[in-house]
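Student: 3D, please:
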Amino acid sequence: MQATADSTKMDCVWSNWKSQAIDLLYWRDIKQTGIVFGSFLLLLFSLTQFSVVSVVAYLALAALSATISFRIYKSVLQAVQKTDEGHPFKAYLELEITLSQEQIQKYTDCLQLYVNSTLKELRRLFLVQDLVDSLKFAVLMWLLTYVGALFNGLTLLLMAVVSMFTLPVVYVKHQAQIDQYLGLVRTHINAVVAKIQAKIPGAKRHTE
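Tutor: Reported below is the predicted structural model:
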């Protein structure tokens, strides 16, 4: 019963995160998405110009400058007005931010699930459980060698972030046309895969 309850909680947490991510990517709250998108872009552009250590140090200095300035401002204001409002960040200092043992276990279980699933899929591909899937994976890796020669990791990450925040909106606006073209591409790919499976011995799926 306890395992079932924990699984239900994990599903609820994952569902909540998924819902929040969808709201961000589809710009349902323009202000919130704009802040997140802008922050990601600023961080990635900074990493293209400076080292990770420098970016972290500059961000920490910017945050400290803001909080120290605000603390001094509130202290001076209280002294002038002769009030005693206390520490300006008292509410945040008293906020509970520690992770419980249950929360740590929950996130660890989620991570373990994804790691195990990834390892099983890699084993299936590298040990050629399905020849066609392994060939697809090989072609993908071959294409990635050219992608890696053209772009570095940060550029690819920057392109991925921009795509994440733009493609969903474009898809929603032009869903009919995009689905039509994707259907044509999928049909063509399936036809090619079927021909390969017919010509290569042992290439057919075990379920067939």
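Student: the residue lying farthest from the centre of the chain and residue 70: what is the separation?
Tutor: What lies farthest from the middle of the chain is residue 82; by Cα atoms, centre = their mean that is 48.6 Å. Per Cβ to Cβ, to the nearest Å, residue 82 is found 20 Å from residue 70. C-betas here are computed from N, CA, C, even on glycine.
Student: next one: residue 24
Tutor: For residue 24 relative to residue 70 (Cβ to Cβ), the value is 28 Å.
Student: same for the longest helix along the chain, what does it pack against?
Tutor: The single longest helix within the chain, with elements called by DSSP state H, is helix 52-81. Where contact means 3 or more Cβ pairs under 8 Å, 6 or more residues apart in numbering; DSSP states H and E, helix 52-81 is packed against helix 30-49.
Student: quick one, the helix it packs on and helix 52-81 angle?
Tutor: 130 degrees (axes from the mean of the first three to the mean of the last three Cα atoms, to 10 degrees).
Student: quick one, helices of this protein?
Tutor: Under DSSP H, the chain gives helices at 2-25, 30-49, 52-81, 90-93, 101-126, 131-150, 153-173, 175-199.
Student: what mean pLDDT does the shortest one get?
Tutor: Average pLDDT, helix 90-93: 83.
Student: show me what it is in contact with.
Tutor: Helix 90-93 is contacted from outside by residue 87, using Cβ atoms under 8 Å, 6 or more residues apart in numbering.
Student: gap between it and the chain center?
Tutor: Computed by Cα atoms, centre = their mean, to the nearest Å, the chain-centroid distance of helix 90-93 equals 30 Å.
Student: likewise for the third one?
Tutor: Distance, stretch centre to chain centre, for helix 52-81: 30 Å (Cα atoms, centre = their mean).
Student: which one's more surrounded, residue 24 and residue 70?
Tutor: residue 24 (18 against 12; other Cβ atoms under 10 Å).
Student: quick check: closest non-adjacent residue to the more buried one.
Tutor: residue 33 (5.1 Å; Cβ to Cβ, 6 or more residues apart in numbering).
Student: what are the buried residues along stretch 94-108?
Tutor: Of all the residues in stretch 94-108, those buried under the rule 16 or more other Cβ atoms under 10 Å are residue 106.
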